[in-house]
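Participant: turn this into a model:
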Amino acid sequence: MISGYKKILGEKGEVYLRAKINPGASKNQVREIMQSEEGDVIKIDIAAQPEKGKANQELVRFLAKEFGVLKSNIKILSGAGDRIKLIKIIK
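Facilitator: Coordinates of the predicted model:
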């Protein structure tokens with residue numbers, strides 16, 4: 001489902017994601033990619049609770065595994081306290 005984003009990362013060395021996070025889910029998974037006026041929004045379920053940054057930490061771990069990069073190569077640029085986030089991933 002996110003293979004297009006992986007391809008962009010491979011070609012350009014970086015990719016930006018707009019993601020809507022559903023914390024407290026039963027497991028970590030990419031649920032769907034929605035179209036919006038501002039571009040694609042990736043819906044992601046995260047199995048951690050949204051307290052003291054736990055969901056953000058788990059999101060970074062999950063994306064690092066999915067994209068095959070180090071956790072330090074993933075930055076939440078905006079929305080750290082919100083469900084909708086802008087995320088930058090570098091190779």
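
Participant: contacts, neighbours, all on C-alpha from now
Facilitator: Noted.

Participant: list the helices and strands the helix or strand of the chain with the lowest mean pLDDT packs on?
Facilitator: The least trusted helix or strand in the chain, going by mean pLDDT, DSSP states H and E, turns out to be strand 29-36, with a mean of 93. With contacts defined as 3 or more C-alpha pairs under 8 Å, 6 or more residues apart in numbering; DSSP states H and E, the packing partners of strand 29-36 are strand 39-46.

Participant: after the strand it packs on comes which helix or strand?
Facilitator: For strand 39-46, the following helix or strand on the C-terminal side (DSSP states H and E) is helix 54-67.

Participant: not counting the next helix or strand after that next one itself, show me its contacts.
Facilitator: Note on helix 54-67: by DSSP H and E, the next helix or strand toward the C-terminus is strand 74-78. With contacts defined as C-alpha atoms under 8 Å, 6 or more residues apart in numbering, strand 74-78 is touched by 60, 63-64, 85-90.

Participant: for strand 74-78, which positions count as buried?
Facilitator: The neighbour-count criterion (16 or more other C-alpha atoms under 10 Å) identifies 74, 76 as the buried residues of strand 74-78.

Participant: partners of the next helix or strand after it in the sheet?
Facilitator: Stepping forward along the backbone from strand 74-78, the first helix or strand reached (DSSP H and E) is strand 84-90. Listed by DSSP bridges, the sheet partners of strand 84-90 and their directions read strand 14-23 (antiparallel), strand 74-78 (antiparallel).

Participant: and which of the contacts of strand 74-78 is nearest to Tyr5?
Facilitator: Closest to Tyr5 out of the contacts of strand 74-78 is Ile89 (9.8 Å), distances taken as C-alpha to C-alpha.

Participant: gap between the closest residue to that closest one other than its chain neighbours and Lys43?
Facilitator: In this structure, Ile89 finds its nearest non-sequential neighbour in Ile74, 4.6 Å apart by C-alpha to C-alpha, 6 or more residues apart in numbering. Ile74 sits 17 Å away from Lys43, going by C-alpha to C-alpha, to the nearest Å.
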